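Structure for the following, please:
(chains A, B, C, D, E and F)
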Number of protein chains: 4
Amino acid sequence: MARTLTETARRAQIVQAAIEVIAVEGYAKASFARIAKQAGLSSTGMISYHFAGKEDLLHEVVGEVLRVSGEYIVPRIEAHTGARDRLRAFIVANVELATVYPQHLLALVEVLNVLGDDPQGQFAQSQRAVMEAQVQVVRAAQAAGEFGEFDARVLVTAIRGAVDAVLTRAVKDPELDLATAARELAELFDRAVRPAN
Amino acid sequence: MARTLTETARRAQIVQAAIEVIAVEGYAKASFARIAKQAGLSSTGMISYHFAGKEDLLHEVVGEVLRVSGEYIVPRIEAHTGARDRLRAFIVANVELATVYPQHLLALVEVLNVLGDDPQGQFAQSQRAVMEAQVQVVRAAQAAGEFGEFDARVLVTAIRGAVDAVLTRAVKDPELDLATAARELAELFDRAVRPAN
Amino acid sequence: MARTLTETARRAQIVQAAIEVIAVEGYAKASFARIAKQAGLSSTGMISYHFAGKEDLLHEVVGEVLRVSGEYIVPRIEAHTGARDRLRAFIVANVELATVYPQHLLALVEVLNVLGDDPQGQFAQSQRAVMEAQVQVVRAAQAAGEFGEFDARVLVTAIRGAVDAVLTRAVKDPELDLATAARELAELFDRAVRPAN
Amino acid sequence: MARTLTETARRAQIVQAAIEVIAVEGYAKASFARIAKQAGLSSTGMISYHFAGKEDLLHEVVGEVLRVSGEYIVPRIEAHTGARDRLRAFIVANVELATVYPQHLLALVEVLNVLGDDPQGQFAQSQRAVMEAQVQVVRAAQAAGEFGEFDARVLVTAIRGAVDAVLTRAVKDPELDLATAARELAELFDRAVRPAN
DNA sequence: AATGAATGAGGATTCATTCAT
DNA sequence: CATGAATGAATCCTCATTCAT
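Residues are numbered from 1 along each chain as shown, chains lettered A, B, ... in the order given. Model (predicted):
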């Protein structure tokens, strides 16, 4: 459990390399060999030495992305009070995150696309936990009259999918300006959730 | 070019098996060996015999899904005239498609997630072509005053992502009723696109 | 044994296709699939149907080339009487054969290079038989004082190798004129064999 | 670039095994499986681990043979000064090389027979470069009056082919004494190149 | 006489992982 | 701590051949 400084640094370096490879070349190409090359390591043995297995590495990748994302997104949500402002802030922060860390969310999407398949896996479970929490928040806003009436579960799922899609597209298509896309997507969902008249 | 009856049947059988494997176990597990097993074939050589390569098979998978989807979705859109009705019909038909072919769209999403990465690949290109056409339709509706003002590109991307996400979720989570989710998602985006009164 | 007309024609067609493939793309690429394509056949089954196996086909290829070569070369040798004239005629005819059948000897060289390896094989044996006959002719010429003193076996081997090399080179290198090369090679060996004055 | 001791040793071992297999069983049989067996390795993966691919291995094979041949042949040529003596030494050294390394030149011939087919490949190109250099040497000797008049290109090609043929034959046919064959071949070409009267 | 479908062994290569140093 | 060597299973694919029609 207790990790030395070098150990921690090495792990971070490898995780960073993994994120880069996954984001740029896709999960399928993210072999240990490719990651080692990206990290400037001479052998894949290094990776196996520091991580229990591929799953362990990917788990760390997901953790790192979630940590970084949380650090960026949470304060931006908490800067607002109303549910609609918070939702807008959530969406904008998500998309804008790609400006600061262009690869983190892409890597996350790739990994979860592949490893989220097994419903019993820990990835799927933690994903579901996050969504469930968001569903509760939405329902509270509905109860408070801040949001209209609709299926909270569908909304949360739709936002997740829409954000990922815009992100993926925005990163690869330079025509789509990130800031504009963020604002547009936020407004789009704001219109969708606000109470009737 | 001219294909035998047996040939056509075998190809269809293999494509079907591929769709099943990809949808259920994910693209990563969709090896020739796994697909052959699913199809009840004794060797992977059979697949190589009938398809020029893995790319050829996946191309066929995508084609088959698009064909089936088109047959289901297009008439349901054309049954309506107004842009908002048509958009609702589009979304509902997309999600409901999972009732009839629970695996087709899942397989499509998996394949395009992996193979859509190369921006020069034909998958990415045809994907972009479809989206561009949809963008044009949306812009026409905006010009006609049927939709409000927003970035059409972002809307189209968001809908695609949201539909995929709801589909993926709905298929794996029996709690989410497909018909309800379809209607909810359609209403959600209807609120998002309708003109300000 | 008794072959129908169609059967004979088909075999000839396949042998011809095999010669073309072997000469142009090399023995390694001469798979049944490639040969069938060259012959305009839709399946490799055809080849297996008409030939007992790959060896059978190659045997036929060698036989065809030897037959055609003999028809061209033998009369050109017999048009002369002296041993030195005959040797010159032999070499010139060999090289010039590539003008009429550019691929036949190339194919022969490729096949014998690969299948002549097994010393017990029939290819190696018939090759040795031909050489032995040529050695006898040379020795007779030496006994008659038409050729000088040297190891007949080495001469025959050297001529075979030199002719093949010039042929291979001439076919691929358009700079080397076949007629010139033929004459030059003939003169070269004539100088090598003539008796010391 | 920088290679370990073990790495270098393993590569050498594999190259040696490849030479043996190619020389004895022919290029066609020289699969990784066969080479691994010859080298006493348990898996073909080992070979792929140490070499970038089959081409890499064969390149190394050719390089090794050329290196060994050069070390043997060059000093034996340089021990003489006149062009005719040097040519004789060149031929004798080539053939005698088979006494010391019976398999090296055989392997080289096999590999170049197959891979020299592609005129753009590096094998064909370096082969052509060597020949061109030899052609220049021959022309210089002609200009100096040491050799008679003839097409230098044809001579060089013929010598190469004759040497290869004698080598191939001598190795397989124990009747042909290598030393005798070497001397005979050298004398043969000496008669062919010496100036008239 | 011919065909196309099927087979299974064998091809090179990549993979994550283990282990001795 | 780190490394490079080794492993063997798994990847897609091609091969010559067989067989039912």
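
who touches A:V154 in this structure?
B:166, B:176, B:180-181, B:184-185, B:188 (CB atoms under 8 Å, 6 or more residues apart in numbering or on different chains). Where C-beta positions appear, they are placed from N, C-alpha and C, glycine not excepted.

burial of A:P195, as a residue count?
Other residues within reach of A:P195 by the criterion other CB atoms under 10 Å in any protein chain shown amount to 12.

Need phi/psi at it.
Backbone geometry at A:P195, expressed as degrees, to the nearest 10, gives phi -60, psi 150.

quick revisit: and of the contacts of A:V154, the nearest to chain C?
Comparing the contacts of A:V154 against chain C with CB to the nearest CB places B:V166 closest, at 47.0 Å.

can you count the residues close to that closest one?
Neighbouring residues of B:V166 were enumerated by other CB under 10 Å; the total is 27.

Might one say that it is in contact with B:A181?
Yes. Using CB atoms under 8 Å, B:V166 is in contact with B:A181, at 5.4 Å.

joint contacts of those two?
Both B:V166 and B:A181 are in contact with A:154, B:95, where contact means CB under 8 Å, 6+ apart.

Now do the same for A:Q127: helix, strand or coil?
Remark: A:Q127 carries the secondary structure label helix [criterion: DSSP: H, G, I helix; E, B strand; the rest coil].

give the contact list for it.
So, once contact is read as CB under 8 Å, 6+ apart, A:Q127 ends up touching A:112, A:116.

per-residue confidence at it?
As predicted, A:Q127 sits at a pLDDT of 86.

quick one: is stretch A:50-70 near chain B?
No. Stretch A:50-70 lies apart from chain B when judged by CB under 8 Å from any CB of the partner chain; the minimum separation is 11.3 Å.

distance between the ends of stretch A:28-48?
18 Å (CA to CA, to the nearest Å).

tell me which residues of it are tucked away?
Applying a neighbour-count criterion of 16 or more other CB atoms under 10 Å in any protein chain shown, one finds A:30, A:32, A:34-36, A:38-39, A:41, A:46-47 buried in stretch A:28-48.

quick one: A:A162 from B:S69, how far?
20 Å (CB to CB, to the nearest Å).

Of the two, which one has the most company?
More neighbours sit around A:A162 than around the other of A:A162 and B:S69, counting by other CB under 10 Å; the figures are 28 against 17.

Tell me the secondary structure of A:E146, please.
Using three-state DSSP, the structure places A:E146 in coil.

Tell me, how many residues neighbour it?
18.

A:Q125 now?
The local packing of A:Q125 (other CB under 10 Å) involves 13 other residues.

what does A:A181 give?
By other CB under 10 Å, the burial measure for A:A181, its neighbour count, is 24.

looking at it, it is touching A:V163, isn't it?
No. With contacts counted by CB under 8 Å, A:A181 stays clear of A:V163, the gap being 10.0 Å.

hey, what's in contact with both of these two?
Jointly contacting A:A181 and A:V163 under the rule CB under 8 Å, 6+ apart are A:V95.

max-length helix in chain A?
With DSSP state H setting the assignment, residue counts place helix A:54-78 as the longest helix in chain A.

what does that one contact?
Contacts to helix A:54-78, defined as CB under 8 Å, 6+ apart, come from residues A:11-12, A:14-16, A:18-19, A:22, A:32, A:35, A:47, A:51, A:86, A:89-90, A:92-94, A:97, A:100-101, A:104-105, A:107-108, A:111-112, A:115, A:122-123.

Quickly find the element holding the residue positioned nearest the centre of chain A.
With distances taken as CA atoms, centre = their mean, A:L105 lies nearest the centre of chain A, 4.4 Å away. Under the assignment given by DSSP states H and E, the secondary-structure element containing A:L105 is helix A:104-115.

hmm, back to that, of the contacts of A:V154, closest to chain D?
Checking the contacts of A:V154 against chain D with CB to the nearest CB, the nearest one is B:V166 at 44.3 Å.

If you count neighbours, what's buried in the helix or strand hosting the closest one?
Using DSSP H and E, B:V166 falls within helix B:152-172. Across helix B:152-172, burial judged by 16+ other CB under 10 Å covers B:152-171.

centre of the chain versus that helix, how much separation?
Taking CA atoms, centre = their mean, to the nearest Å, one finds the center of helix B:152-172 at 10 Å from the center of the full chain.

Taking helix A:152-172 as reference, get the angle to that helix.
Relative orientation of helix B:152-172 with respect to helix A:152-172: 130 degrees, computed using axes from the mean of the first three to the mean of the last three CA atoms, to 10 degrees.

For helix B:152-172, give the mean pLDDT please.
The predicted model gives helix B:152-172 an average pLDDT of 93.

sorry, back to before: elements contacting the helix or strand that the longest helix of chain A is followed by?
Sequence-wise, the next helix or strand beyond helix A:54-78 is helix A:83-100, with elements assigned using DSSP H and E. On a contact count with 3 or more CB pairs under 8 Å, 6 or more residues apart in numbering or on different chains; DSSP states H and E, helix A:83-100 meets helix A:54-78, helix A:104-115, helix A:122-143, helix A:152-172, helix A:178-193.

again, 7 Å this time
helix A:54-78, helix A:152-172, helix A:178-193 (3 or more CB pairs under 7 Å, 6 or more residues apart in numbering or on different chains; DSSP states H and E).

For the longest one, which residues meet the burial criterion?
Buried residues in helix A:54-78, defined by neighbour count with 16+ other CB under 10 Å: A:54, A:57-62, A:64-65, A:68-69, A:72-73, A:76-77.

and A:D190, what does it touch?
Applying CB atoms under 7 Å, 6 or more residues apart in numbering or on different chains, we find A:D190 in contact with A:84, A:87-88.

Can you tell me how far it is from B:L66?
A:D190 sits 33 Å away from B:L66 when distances are taken as CB to CB.

On the three-state scheme, the residue of chain A found nearest chain D is what?
Across chain A, no residue is closer to chain D than A:S42, which sits at 10.3 Å (CB to the nearest CB). In three-state terms, and counting by three-state DSSP, A:S42 is coil.

And the residue nearest to it when sequence neighbours are not counted, how far from A:T8?
Excluding its sequence neighbours, the residue lying closest to A:S42 (CB to CB, 6 or more residues apart in numbering or on different chains) is A:A36, at 7.4 Å. Taking CB to CB as the criterion, A:A36 is separated from A:T8 by 18 Å.

Next: A:H59.
Counting by CB to CB, the gap from A:H59 to A:T8 is 16 Å.

Next: A:V100.
A:V100 sits 23 Å away from A:T8 when distances are taken as CB to CB.

And for A:L105?
For A:L105, the distance to A:T8 - CB to CB - is 24 Å.

Quick check, pLDDT for A:L112.
A:L112 is assigned a pLDDT of 89 by the prediction.

Identify the residues contacting it.
Each residue near A:L112 by CB under 7 Å, 6+ apart is listed here: A:123, A:127.

Also A:I91?
A:I91 touches A:159, A:163, A:182, A:185-186, A:189, counting by CB under 7 Å, 6+ apart.

try A:N113
Going by CB under 7 Å, 6+ apart, A:N113 touches B:N113.

Test my guess that A:G26 contacts B:L115.
No. Contact criterion CB atoms under 7 Å: A:G26 and B:L115 do not qualify, at 8.9 Å.

and A:E110, how many neighbours?
The local packing count at A:E110 equals 25, with neighbours defined by other CB under 10 Å.

Stretch A:27-47 and DNA strand E, any residue contact?
Yes. Contact of stretch A:27-47 with DNA strand E is found when judged by CB under 7 Å from any atom of the strand, involving A:29-34, A:44-45, A:47.

out of those, who's nearest D:V137?
Distance ranking of those against D:V137, using CB to CB, places A:A33 first at 47.3 Å.

what's the closest non-adjacent residue to the closest one?
Across the structure, with CB to CB, 6+ apart as the measure, the residue nearest A:A33 apart from its sequence neighbours is A:T44 (5.5 Å).
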